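**Q** only the shape, not the letters, is given here:
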């Protein structure tokens, strides 16, 4: 196994661990999930570019007579890229004491201000950061509002 194969294997394991955390573990952390809100996907073009680059690497490896292990590892990386960019649904998980947004835990006490933009983007101002939450279904904003009112 070459250094390239080892690096590919490390990235595949890390991406799989992140995908398992995102899909299964995050829902179990920090208590019971009160509300799960699907979010709009962003940067789908980045996933497409990454998939295209990995496809080019697979083609070059096959035509140059590269190691089959490298081809299989690149194919696994391409499948993970497809999952992350097109299949996986980003979500906002509300818990009793806070919420998960972009896999980061945010306590309700950190929210200094909340606004709703004209185009339906929920803006939460934290101490030094602003979260722009783009929900998939506009009706979920009302659910978020009701939950925030009852938990505060």
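**A** Looks like it came in fine. Bear in mind the structure is a predicted one, so any value in this text is a computation, not a measurement.
**Q** got the residue ranges for the strands in this structure?
**A** Listed in chain order, the strands of the chain (DSSP state E) span residues 35-38, 91-94, 98-101, 104-107, 113-116, 121-125, 130-134.
**Q** tell me which of those strands sits nearest to residue 2.
**A** Proximity of the strands of the chain to residue 2 was assessed by C-beta to C-beta; the nearest stretch is strand 104-107, lying at 35.5 Å. C-beta: built from backbone N, CA, C; applies to glycine.
**Q** partners of that closest one in the sheet?
**A** Strand 104-107 pairs in its sheet with strand 98-101 (antiparallel), by DSSP bridges.
**Q** find the nearest non-adjacent residue to residue 1, please.
**A** Taking C-beta to C-beta, 6 or more residues apart in numbering as the measure, residue 1 lies nearest to residue 69, with 6.6 Å between them; neighbours along the chain are not counted.
**Q** how many neighbouring residues does residue 130 have?
**A** Taking other C-beta atoms under 10 Å as the neighbour definition, residue 130 ends up with a count of 11.
**Q** for this protein, give me the ranges with low pLDDT.
**A** Of all residues in the chain, those with pLDDT under 70 make up the ranges 151-152.
**Q** so what's residue 131 bridging to?
**A** Residue 131 has these beta-bridge partners by DSSP bridges: residue 124.
**Q** ok, it - contacts?
**A** With contacts taken as C-beta atoms under 8 Å, 6 or more residues apart in numbering, residue 131 has the following neighbours: 101, 106, 123-125.
**Q** please report which of those residues has the highest neighbour count.
**A** Going by other C-beta under 10 Å, residue 124 tops those with 21 neighbours.
**Q** surely that residue and residue 114 touch.
**A** Yes. Taking C-beta atoms under 8 Å as the contact criterion, residue 124 and residue 114 are neighbours in contact, 5.3 Å apart.
**Q** which residues are in contact with each of those two?
**A** With the criterion set as C-beta under 8 Å, 6+ apart, the contacts of residue 124 and residue 114 do not overlap.
**Q** got the strands of the chain as CSV, with distance to residue 14 columns?
**A** Rendered in CSV, the data for those read as follows (distance: least, C-beta to C-beta, whole Å):
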stretch, distance to residue 14
strand 35-38, 25
strand 91-94, 21
strand 98-101, 19
strand 104-107, 17
strand 113-116, 34
strand 121-125, 29
strand 130-134, 25
